[in-house]
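Engineer: Got a sequence here, can you model it:
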Amino acid sequence: MSEQWKLTTEQTEKIREIRIHLHEHPEVSWEEWETSAYIRQILEKLPGVEIIPNPVETAVIARIKGGSSGRNIALRADIDALVVTEAWESEHVSQNPGVCHACGHDFHAASLLGAAMVLSEHREELLGDAILIFQPAEETTTGAKALIETGFLKALGVEAVFGLHNRPEVESGNVVVNPGPMMTAKKNFRITIHGVGGHGSMPELCVDPIVCSSAMVQNLQTIVSRNVAPQEAMVLTIGSIHGGTQENLVVDTVNMTGSMRTFSPEVQERGLERMNAIVEHTALAYECTAELEIVEEIPSVWNGQAMYEIAIEATKRAVGEERIVTAQPSMASEDFANFMQEVPGFFYWFGNRRAEDECFAWHNDHFHVDDEALPYAVLVMAQSVVTAQELLK
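Structural biologist: Prediction:
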């Protein structure tokens, strides 16, 4: 068992400076050019850290070779920001107008860079390699898949992976270590409704897809209220409706997009079955035709028992058992789930709010992180590598 690792005052301040720099220079999905260059610059200065070339240009993958051979364990952080204008007043705010880290990916990337510092310092104690994954495009839930498709997990012999996210509902200093469901599986969909266009004064000569779409939105919500057991969880959202050009015209087509989120594969299957039926038969009732297309799928983030036991032990060693808490699963989705489909994985939440502060949710324009939470994330993530190398079966 490794002895408990600590951060020096200098390291803690450096990690905070990294977080501030990332916060002040946010970049959206697939445009993280300066972010990834800054991450490489820091990693290249750490002893024993090797940057691994990869074809995903705004991703950074690095390896810290251990003092002896053994299991190769990966740590992953996302690095992209959101198209949100920051409203939180602070000494350090986004310098990129209209873009900010409203989901705390600056916190995640800084935490992983801090873990890299710790693992670099203790690399001779590692029983295998530590693999560091700085992933772009989590907000579009496309970055993880793009990285996985390069084959790097197999090429680097990764046997397990740990991820992290801040959780503003939980006070700083606490670590959420949950078994089972953490974040939902998601299906993004597109519905296209076809009618017959014409003049608004002659509805009898038209088939109005806007009226049909109004009924369809209402009918789809009955899936949650009437086809899913109350103790199960589902969120079905219609996020956009596009149809119509002017006030006196009935259009030919309406397009809708949305998402369905669930934890249970059985609930997801039932929901999709009902969606297909409702889209088809609502369109028929209004003399329209319609198609439902699934455009993207993300599995659920689900912490298995074996990885949960490793995470519990790692957290105890890193920050103490008294820091471990549980929290309700989130109905949001995370493409870290794609990594968990390839190798055993575990997903932590780190408390990110001072007790006296108001809670602002992810993606809110007032969202902000608490730098006092950074050392907890750094130490738990670093300790997860060595604990997994010791205990993973």
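
Engineer: and for the longest helix belonging to the chain, what are the contacting residues?
Structural biologist: Secondary structure of the chain per DSSP state H: the longest helix is helix 265-285. If you take C-beta atoms under 8 Å, 6 or more residues apart in numbering as the criterion, helix 265-285 is touched by 185, 187, 189, 191, 193, 212, 215-216, 219-220, 222-223, 227-229, 232-234, 236, 260, 262, 289-292, 294. Any C-beta I mention is one placed from the backbone N, CA and C, and that applies to glycine too.

Engineer: Okay, and which of these map to strands?
Structural biologist: Among the contacts of helix 265-285, the members found in strands (DSSP state E) are 185, 187, 189, 191, 193, 234, 236, 260, 262, 289-292, 294.

Engineer: Quick check: the two most widely separated of those residues?
Structural biologist: Ala185 and Thr289 (29.0 Å; C-beta to C-beta).

Engineer: more neighbours, those two?
Structural biologist: Taking neighbours as other C-beta atoms under 10 Å, Ala185 and Thr289 compare with Ala185 leading, 21 against 15.

Engineer: Where neighbours are concerned, which of the ones in strands among the contacts of helix 265-285 has the most?
Structural biologist: Result: Ile193 is most packed of those (other C-beta under 10 Å), 28 neighbours.

Engineer: what's near enough to touch that residue?
Structural biologist: So Ile193 contacts 209, 212-213, 216, 243, 253-256, 283, 288-290 (C-beta under 8 Å, 6+ apart).

Engineer: at 6 Å what do you get?
Structural biologist: Pro209, Cys212, Ser213, Val254, Cys288, Ala290 (C-beta atoms under 6 Å, 6 or more residues apart in numbering).

Engineer: Distance of it relative to Glu32?
Structural biologist: Going from Ile193 to Glu32 by C-beta to C-beta, to the nearest Å gives 37 Å.

Engineer: what does Glu86 give?
Structural biologist: Distance of Glu86 to Glu32, computed by C-beta to C-beta: 18 Å.

Engineer: just Gln218 next, same as before
Structural biologist: 40 Å.

Engineer: for Asp335, same thing?
Structural biologist: Per C-beta to C-beta, Asp335 is found 15 Å from Glu32.

Engineer: Leu113 too?
Structural biologist: 14 Å.

Engineer: Including pLDDT and distance to Asp80, could the ones in strands among the contacts of helix 265-285 go into TSV?
Structural biologist: Shown next, in TSV, are those (pLDDT from 0 to 100; distance: C-beta to C-beta, whole Å):
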residue	pLDDT	distance to Asp80
Ala185	98	21
Lys187	97	22
Phe189	98	23
Ile191	98	28
Ile193	98	33
Met234	97	27
Leu236	98	26
Met260	98	24
Thr262	98	25
Thr289	98	38
Ala290	98	34
Glu291	98	31
Leu292	98	29
Ile294	97	24
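
Engineer: would you list those in TSV and tack on distance to Val301?
Structural biologist: TSV is the format used below for the ones in strands among the contacts of helix 265-285 (distance: C-beta to C-beta, whole Å):
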residue	distance to Val301
Ala185	9
Lys187	15
Phe189	20
Ile191	27
Ile193	33
Met234	16
Leu236	19
Met260	16
Thr262	13
Thr289	37
Ala290	32
Glu291	30
Leu292	25
Ile294	20
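
Engineer: can you tell me which strand in the protein is longest?
Structural biologist: Per DSSP E, the chain has its longest strand at strand 158-171.

Engineer: Check which helices and strands that strand sits against.
Structural biologist: strand 72-78, strand 345-353, helix 374-391 (3 or more C-beta pairs under 6 Å, 6 or more residues apart in numbering; DSSP states H and E).

Engineer: can you tell which of the ones you listed is closest to Val118?
Structural biologist: Across the helices and strands packed on strand 158-171, closest to Val118 is helix 374-391 (C-beta to C-beta), at 4.0 Å.

Engineer: For that closest one, name the packing helices and strands.
Structural biologist: Applying 3+ C-beta pairs under 6 Å, 6+ apart, one finds that helix 374-391 contacts strand 72-78, helix 105-121, strand 158-171, helix 305-319.

Engineer: Would you reformat those as TSV and include distance to Glu273 and mean pLDDT?
Structural biologist: TSV is the format used below for these (distance: least, C-beta to C-beta, whole Å; pLDDT from 0 to 100):
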stretch	distance to Glu273	mean pLDDT
strand 72-78	33	98
helix 105-121	36	98
strand 158-171	31	98
helix 305-319	30	98
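
Engineer: Indicate which one of the ones you listed is closest to Pro97.
Structural biologist: Of all those, helix 105-121 comes closest under C-beta to C-beta, at 16.9 Å.

Engineer: which helices and strands does the closest one pack with?
Structural biologist: Helices and strands touching helix 105-121, by 3+ C-beta pairs under 6 Å, 6+ apart, are helix 9-24, strand 72-78, helix 374-391.
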